[in-house]
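1. curious how this folds, go ahead:
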Amino acid sequence: MTTTARRARARAIVFVVVAALLFLMPAYRQVFGLRSRFVRDWELFNEVGVGLVVAEFAVRGADGREAAIDRYAALGRPDRAAAPRWVRSMQGEAGLVRVAGELCKRLGPVDLRARASIATMAGWVPLHAGEHDLCQPLPPRPPVAGARPRGHEDR
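-> Model prediction:
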């Protein structure tokens, strides 16, 4: 066997070994349930939406009735695509409070309520149920567990 043939065979063997490792590494954790500091977990798009807030805003009248409002129209952005990113996708309770603050500035002295949920690793968790006027200072509340992405480090 010539040197060129040996090199070609060695390259083919290395290619097959690397391809097999790439193919089987996700199975190490996902199928066999094993963990290693050398083999990272296969977590494509994991925790992408964690911390995202979905909210419906309403103005409560003096008689106690609530009238739903469109936050885009109230902020002078009738087209959702033209709205700033922080209005379209609220991140965490701070994002909700920021949008509520802008709505309070635009609408004047109103009783602004929100029904909001936040995305966690365990699913959607209620954040506000319309119990507080968001134009007034909010009482202190504990942070929602699991509402912040853990980052890219391995556990």
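2. and for His128, the neighbour number?
-> Using other Cβ atoms under 10 Å, His128 has 22 neighbouring residues. In this view, the C-beta of every residue, glycine as well, is placed from N, C-alpha and C.
3. on the three-state scheme, the nearest residue to it once chain neighbours are set aside is what?
-> Take His128 and drop its neighbours on the chain: the residue closest to it by Cβ to Cβ, 6 or more residues apart in numbering is Ala116, 4.5 Å away. Put simply, Ala116 is strand when judged by DSSP: H, G, I helix; E, B strand; the rest coil.
4. now Ala116: how far from Glu93?
-> Between Ala116 and Glu93 the computed distance is 8 Å (Cβ to Cβ, to the nearest Å).
5. overlap of the contact sets of the two?
-> Common neighbours of Ala116 and Glu93, using Cβ atoms under 8 Å, 6 or more residues apart in numbering, are 53, 127.
6. compare these two (neighbour count), which wins?
-> The residue with more neighbours, out of Ala116 and Glu93, is Ala116; 22 against 19, by other Cβ under 10 Å.
7. OK, contacts around that one?
-> For Ala116, the contacting residues are 53-56, 96, 126-128, by Cβ under 8 Å, 6+ apart.
8. buried subset of those?
-> Buried by 16 or more other Cβ atoms under 10 Å: 53, 55-56, 96, 127-128, out of the contacts of Ala116.
9. fine by me, thanks again.
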